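Peer 1: Below is the structure, and that's it, no one-letter string:
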């Protein structure tokens, strides 16, 4: 049953990627670069979803002290960084094609780059603590503090930098006037990528649980061999 | 668990820790010397590289905050790392709660930062040929920026002191948390030199400092548990 669901997910994503190239029309101003939309925005959305998920589970860990929350927090931070890199690279390629330079410190470029830094530091911090309980606790504390910083950057940056991002410029009224074929493909891929995130996260949480069990078993084994000696 | 010192004397405990920090620092002045040396060399390097900047408030503001940030990041983790390295953290926790310890160290870090700024900022103004600032907004941005800097650095210092990375990790981990404060402080400093209003930046800095302090209050109890 599970295998069928995963297979269906892959067929869904592959099918809509094909649709993005063959079925959905191009937007006049953007030309062939329209297709970046189907990968860039879902990737950026999954980044925000994953990093938000990570923060929520970090706070939950501090409140409840269940190792599972730490597995969720760490797993979604890792996956979030992966999607963040995809969003940054695809956005940067698009920016080169449309704006003439790979990086412009556009507010959204800035905030996604900032998230990348926050979670890069999160992973660096995790890597330098050996004891699982201490690692979970300290990285949750850091993540909770980052929770204060993130909204500020979203408010501070727009007042300092001017935005070149297409959706306030091309489509100031929101996405309602989008061609229905573009809209369908876009939301289908958005849903597909979100499902992909939860599937990969589920795998990551399960490996995390196995790791915890293996460590516990090792400790128990050492204790019993110590007793027999 | 944390009520070994009663609440009526908690202010006294914070004060005692602050005094102890100052005294320990004064005995060796190791952290202070390192930070001042770092600040002076980095500001010499920047002003030597760019030359006089009297007519460029944007570059002036950015350089000033980069120099201050670097000097702070070079030494603000010191307060906690010292306890861990000399194995005195457990003793300290016996006499005061995590929040009291953290507040005492925060006060020390803030004082430490003000000493660094008292040397660095005039020297920077002299070397870079900066025009006279509007004192009210300038000192306001500097003070509120320092509170955010000290609050973030104290919390990250406490986290990092319990890891293997310590010094190297400290700058990398606290930098992302300091970016919003840095952006607002640079923009505020630039605005006061350019003769523009600074109110919105001051408000942002104050809100950020309050947010960090409030989060710190909640989180310090989770920092030491074993």
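Peer 2: All right, it came through fine. In this text, all values refer to a predicted model and were calculated from it rather than measured experimentally.
Peer 1: so what's the residue nearest in space to the middle of chain B up against?
Peer 2: The centroid of chain B falls nearest to residue B:150 when counting by C-alpha atoms, centre = their mean (3.1 Å). Going by C-beta atoms under 8 Å, 6 or more residues apart in numbering or on different chains, residue B:150 touches B:76, B:106, B:109, B:110, B:113. For glycine as for every other residue, the C-beta is placed from the backbone atoms N, C-alpha and C.
Peer 1: OK, contacts around the third one?
Peer 2: Meaning residue B:109. Neighbouring residues of residue B:109 by C-beta under 8 Å, 6+ apart: B:76, B:79, B:150, B:153, B:154, B:157.
Peer 1: now, which of those sits nearest residue B:215?
Peer 2: residue B:154 (11.8 Å; C-beta to C-beta).
Peer 1: Correct me if wrong: the closest one contacts residue B:216.
Peer 2: Yes. Assessed by C-beta atoms under 8 Å, residue B:154 is found in contact with residue B:216 at 7.2 Å.
Peer 1: Out of the contacts of residue B:150, flag the one nearest to residue B:56.
Peer 2: Ranked by distance to residue B:56 (C-beta to C-beta), the contacts of residue B:150 are led by residue B:113 at 25.6 Å.
Peer 1: Just give the nearest non-adjacent residue to that closest one, would you?
Peer 2: residue B:146 (4.8 Å; C-beta to C-beta, 6 or more residues apart in numbering or on different chains).
Peer 1: What are the buried residues along the host helix or strand of the one you found?
Peer 2: Using DSSP states H and E, residue B:146 sits in helix B:135-160. Within helix B:135-160, the residues that count as buried by 16 or more other C-beta atoms under 10 Å in any protein chain shown are B:137-138, B:140-160.
Peer 1: ok, now stretch B:25-34?
Peer 2: Buried residues in stretch B:25-34, defined by neighbour count with 16+ other C-beta under 10 Å: B:25, B:31, B:32.
Peer 1: any idea which helix or strand carries the last one?
Peer 2: It stands for residue B:32. Assigning secondary structure by DSSP H and E places residue B:32 in helix B:30-50.
Peer 1: Kindly report the same for the first one.
Peer 2: Element membership of residue B:25, judged by DSSP H and E, is helix B:10-28.
Peer 1: Tell me if I'm right that residue A:60 and residue A:69 touch.
Peer 2: Yes. Counting by C-beta under 8 Å, residue A:60 does reach residue A:69; the two are 4.6 Å apart.
Peer 1: more crowded one of these two?
Peer 2: Legend: neighbour count by other C-beta atoms under 10 Å in any protein chain shown for residue A:60 and residue A:69, higher for residue A:69 (21 against 17).
Peer 1: For the more buried one, list the residues it contacts.
Peer 2: Taking C-beta under 8 Å, 6+ apart, we find residue A:69 in contact with A:57, A:58, A:60, A:61, A:136, A:140.
Peer 1: What sits closest to it if chain neighbours are left out?
Peer 2: Nearest residue to residue A:69, sequence neighbours excluded (C-beta to C-beta, 6+ apart): residue A:61, at 3.9 Å.
Peer 1: Run a quick neighbour tally on the one you found.
Peer 2: Using other C-beta under 10 Å, residue A:61 is surrounded by 25 other residues.
Peer 1: again with residue B:40
Peer 2: Residue B:40 has 18 neighbours, counted by other C-beta under 10 Å.
Peer 1: Surely it is in contact with residue B:124?
Peer 2: No. Assessed by C-beta under 8 Å, residue B:40 is found out of contact with residue B:124, at 9.6 Å.
Peer 1: about what we covered before: got any residues that touch both of residue B:154 and residue B:216?
Peer 2: By C-beta under 8 Å, 6+ apart, the residues touching both residue B:154 and residue B:216 are B:102, B:106.
Peer 1: Over whichever strand or helix holds residue A:43, what's the mean pLDDT, rounded is fine.
Peer 2: When elements are assigned from DSSP H and E, residue A:43 belongs to helix A:36-64. The pLDDT scores in helix A:36-64 average 89.
Peer 1: Surely residue B:77 touches residue B:161?
Peer 2: Yes. Assessed by C-beta under 8 Å, residue B:77 is found in contact with residue B:161 at 6.8 Å.
Peer 1: In terms of neighbours, single out the busier of those two.
Peer 2: Neighbours were counted for residue B:77 and for residue B:161 using other C-beta under 10 Å; residue B:77 has more, 27 against 23.
Peer 1: quick one: contacts for that one?
Peer 2: Taking C-beta under 8 Å, 6+ apart as the contact definition, residue B:77 lies against B:153, B:156, B:157, B:160, B:161, B:166, B:167, B:170.
Peer 1: Mind doing that once more with 6 Å?
Peer 2: The contact partners of residue B:77, by C-beta atoms under 6 Å, 6 or more residues apart in numbering or on different chains, come to B:157, B:160, B:170.
Peer 1: What score does the second one have for pLDDT?
Peer 2: Right, the one you point to is residue B:160. Here, the pLDDT recorded for residue B:160 equals 87.
Peer 1: how close does residue B:130 get to residue B:67?
Peer 2: Residue B:130 is 12 Å from residue B:67, where distance means C-beta to C-beta, to the nearest Å.
Peer 1: more neighbours, those two?
Peer 2: Comparing residue B:130 with residue B:67 by other C-beta under 10 Å, the one with more neighbours is residue B:67, at 26 against 22.
Peer 1: what helix or strand does the residue lying closest to residue A:101 once chain neighbours are set aside sit in?
Peer 2: Among residues not flanking residue A:101 along the chain, residue A:95 sits closest, at 6.6 Å (C-beta to C-beta, 6+ apart). Assessed by DSSP H and E, residue A:95 sits inside helix A:67-99.
Peer 1: by how many degrees do that helix and helix A:36-64 diverge?
Peer 2: Inter-element angle recorded for helix A:67-99 and helix A:36-64: 150 degrees (by axes from the mean of the first three to the mean of the last three C-alpha atoms, to 10 degrees).
Peer 1: Please work out the average pLDDT along the helix or strand just after helix A:67-99.
Peer 2: Reading on from helix A:67-99 to the C-terminus, the next helix or strand found by DSSP H and E is helix A:107-127. Regarding helix A:107-127, the rounded mean pLDDT is 84.
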